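Q: sharing a model that was predicted from the sequence below.
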Amino acid sequence: MSDQIMEEIAEALDARDTEAFKKMFSSSALEAAEELDQQITDLFEFYQGEMVSYKGDASSSTSTNYGVETKEFIGHYTLITDEQTYRLQYDHKPIDDEHPEEIGLRKLEIVPESTYEYEGVRRESFNWLHYDNGPGVYFQE
C-alpha cells in the first residue's frame, strides 16, 4: 500500500497535475493547509525531471479500539528522476473509522539527495520541515 501511495505521488509530480495531487489529501488537510495550491505550484517548479524509479518503505501504526480502526503510514522514499535524486517523506492515513475526514495524505516533503545527506549529518538526524508545520507540501533546496 505504501508503494501505491508513492506511485500516485510520483505520477502527479511527473504530470504536474495539481488536481490529482490535491485528490490525495484528506478533506481535513485540504481545509487546514495554508495556500495548498501555491505550495503545489512551487513544488512542481522545484521538482526536476520525470521519475525513473523509487525505492523505500513506510513505517505504519495501526490501532483498533472496540472495532474502530485507525492506520497511518509514514513513507520514506528515494525518488530518482532523469535529472535529480530526491528524498521524500509523506504522512498518509488510509483508514480512520472514527474520523473519515482524516483519510488521505496530510503532509509531504521532498528534498534533493545532496540536501538530505550532507557531510557530518547522519540520516537519522535530518531535520524534516514538516514536523514543525501543519498539513501541506514542503521542500528544501
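A: Arrived safely.
Q: how about the residue of the chain positioned farthest from its centre, phi and psi?
A: Centroid-distance maximum for the chain: Tyr66 at 30.1 Å, with C-alpha atoms, centre = their mean. With angles defined as degrees, to the nearest 10, Tyr66 sits at phi 50, psi 50.
Q: state the distance from it to Asp97.
A: According to C-beta to C-beta, to the nearest Å, Tyr66 stands 10 Å off from Asp97. In short, each C-beta sits where N, CA and C put it, glycine included.
Q: try Tyr116
A: Tyr116 is 35 Å from Asp97, where distance means C-beta to C-beta.
Q: how about Arg16?
A: Between Arg16 and Asp97 the distance is 34 Å, computed by C-beta to C-beta.
Q: can you check Asp3 too?
A: From Asp3 to Asp97 the distance is 24 Å (C-beta to C-beta).
Q: then Ser28?
A: 15 Å.
Q: and those two? which has more neighbours close in?
A: Applying other C-beta atoms under 10 Å to Ser28 and Asp97 shows that Ser28 carries more neighbours, namely 18 against 13.
Q: run through the neighbouring helices and strands of the helix or strand of the chain with the lowest mean pLDDT.
A: In the chain, the helix or strand scored least confidently by mean pLDDT, DSSP states H and E is helix 113-116, which has a mean of 86. Under the contact definition 3 or more C-beta pairs under 8 Å, 6 or more residues apart in numbering; DSSP states H and E, helix 113-116 sits against strand 85-96.
Q: mean confidence (pLDDT) on the strand it packs on, please.
A: Strand 85-96 shows an average pLDDT of 94 in the prediction.
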